[in-house]
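Asker: okay, here's the prediction I keep looking at, along with the sequence it came from:
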Amino acid sequence: MDKTFPRLKSDEEIEALLEDDLSDYLTSDNFKPVTFEFKPKDKSVNVRMSEEMLEKVKSVSKKEGIPYQRYIRRAIERYLGAE
């Protein structure tokens, strides 16, 4: 039986929850792929694009749960890796 994860309001509630068996809260729906960025981002680039394209990028990146600039960088990295 899957449980809904409770909203925790204090450190004490978090500590108490960690004492419990959390396996009832874990399902495949709770997980999503995560990428880690290790190299420093020390250069910036300005790119001009239509407002419509930027809004679409922001919309898609929001659905994926990442900032839109990271989404753009990831798209470039994927394209370059596919060559």
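Answerer: Perfect, I can see it now.
Asker: helices of the chain, residue ranges please.
Answerer: Under the criterion DSSP state H, the chain contains helices at 11-18, 51-64, 68-82.
Asker: can you tell me the closest non-neighbouring residue to residue 3?
Answerer: The spatial neighbour of residue 3 that comes closest, neighbours along the chain excluded (C-beta to C-beta, 6 or more residues apart in numbering), is residue 24 at 4.5 Å. Any C-beta I mention is one placed from the backbone N, CA and C, and that applies to glycine too.
Asker: the most centrally placed residue in the chain and residue 59, how far apart?
Answerer: Within the chain, the residue whose C-alpha comes closest to the C-alpha centroid is residue 65; the distance, by C-alpha atoms, centre = their mean, is 4.0 Å. Separation of residue 65 from residue 59 (C-beta to C-beta, to the nearest Å): 12 Å.
Asker: over to residue 32?
Answerer: 18 Å.
Asker: residue 76 too?
Answerer: Counting by C-beta to C-beta, the separation of residue 76 from residue 59 is 19 Å.
Asker: same question, residue 43
Answerer: As defined by C-beta to C-beta, residue 43 lies at a distance of 26 Å from residue 59.
Asker: more neighbours: the two, which one.
Answerer: Between residue 43 and residue 59, counting by other C-beta atoms under 10 Å, residue 59 is the more crowded of the two (11 against 5).
Asker: who touches the more buried one in this structure?
Answerer: With contacts defined as C-beta atoms under 8 Å, 6 or more residues apart in numbering, residue 59 is in contact with no residue.
Asker: change it to 10 Å
Answerer: Neighbour list for residue 59: residue 68 [criterion: C-beta atoms under 10 Å, 6 or more residues apart in numbering].
Asker: may I see the helices of the chain arranged in CSV, with mean pLDDT and distance to residue 37 as well?
Answerer: Written out in CSV, the entries for the helices of the chain read as follows (pLDDT from 0 to 100; distance: least, C-beta to C-beta, whole Å):
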stretch, mean pLDDT, distance to residue 37
helix 11-18, 87, 27
helix 51-64, 96, 15
helix 68-82, 90, 8
